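J.: Just a sequence and a predicted model for now, questions to come.
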Amino acid sequence: AQTVTQSQPEMSVQEAETVTLSCTYDTSESNYYLFWYKQPPSRQMILVIRQEAYKQQNATENRFSVNFQKAAKSFSLKISDSQLGDTAMYFCAFMKPGGGSEKLVFGKGTKLTVNP
Amino acid sequence: GAVVSQHPSWVICKSGTSVKIECRSLDFQATTMFWYRQFPKQSLMLMATSNEGSKATYEQGVEKDKFLINHASLTLSTLTVTSAHPEDSSFYICSALDRSKNIQYFGAGTRLSVL
């Protein structure tokens, strides 16, 4: 079974600074997807970024980028120019596509606070 | 991102009554939807996978007679908490799988309070 580990329960960063959230996972699959979702105080789960395992190029979405190290099974999220609105819980998640049931396996989350 | 609508956002009910939560995929047809439960300051816990036109698949430890799931159309899944008790009070979240992108999009969640 796949597992996802987020080793940082809480982190804080000053506004406009850069922060990196860590995520490691364990799987024997070769084809899979990795995600970062954020959950702000409103509790709405929002997709931040997605990475396909067979793509070597790291995904980027504006201020958000990932460092995907497939051999090390590491998938960290870098947030540049942090904004107050980035304050949220961040969940790393794994998904194996196909098979009729594409479950997400979540990590326990990292609570990020952006300070003014 | 795609929109998934979940209603109601907050419901209060008396112990012993049943509550229905709706999850609609507005932008795409979702043959597969998921229902999660989230306890305070914890991650999402998958309760069941809802497949259109077939029975839901429940995770171990989830009472299927307690949490009834119906996925009668490609855009709607419902979760009914039957004979609700205070211990069922929680935050319930649905998601819909967009197979063309292999992405799950989430509803805004439902806060259930059972008195």
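T.: Okay, I see it.
J.: Just give me the residue right at the centre of chain B.
T.: Chain B has residue B:35 as the residue nearest its centroid, 3.6 Å off, counting by C-alpha atoms, centre = their mean.
J.: Nearest residue to that one in space, please, no chain neighbours.
T.: Among residues not flanking residue B:35 along the chain, residue B:47 sits closest, at 4.6 Å (C-beta to C-beta, 6 or more residues apart in numbering or on different chains). For glycine as for every other residue, the C-beta is placed from the backbone atoms N, C-alpha and C.
J.: so that neighbour sits right up against residue B:33, yeah?
T.: No - judged on C-beta atoms under 8 Å, residue B:47 makes no contact with residue B:33 at a distance of 11.4 Å.
J.: So for the two, which residue has more residues nearby?
T.: Between residue B:47 and residue B:33, counted using other C-beta atoms under 10 Å in any protein chain shown, the more crowded position is residue B:33 (30 against 23).
J.: what's that one sitting at in phi/psi?
T.: With angles defined as degrees, to the nearest 10, residue B:33 sits at phi -130, psi 160.
J.: pLDDT score for it?
T.: Looking at residue B:33, its pLDDT stands at 95.
J.: which parts of chain B sit against chain A?
T.: B:1, B:32, B:34, B:38, B:42-44, B:46, B:49, B:51, B:57, B:91, B:93, B:95, B:97, B:99, B:102-106, B:108-109 (C-beta under 8 Å from any C-beta of the partner chain).
J.: if we go to 7 Å?
T.: Within chain B, the positions adjacent to chain A are B:1, B:32, B:43-44, B:46, B:49, B:57, B:91, B:93, B:97, B:102-104, B:106, B:108-109 by C-beta under 7 Å from any C-beta of the partner chain.
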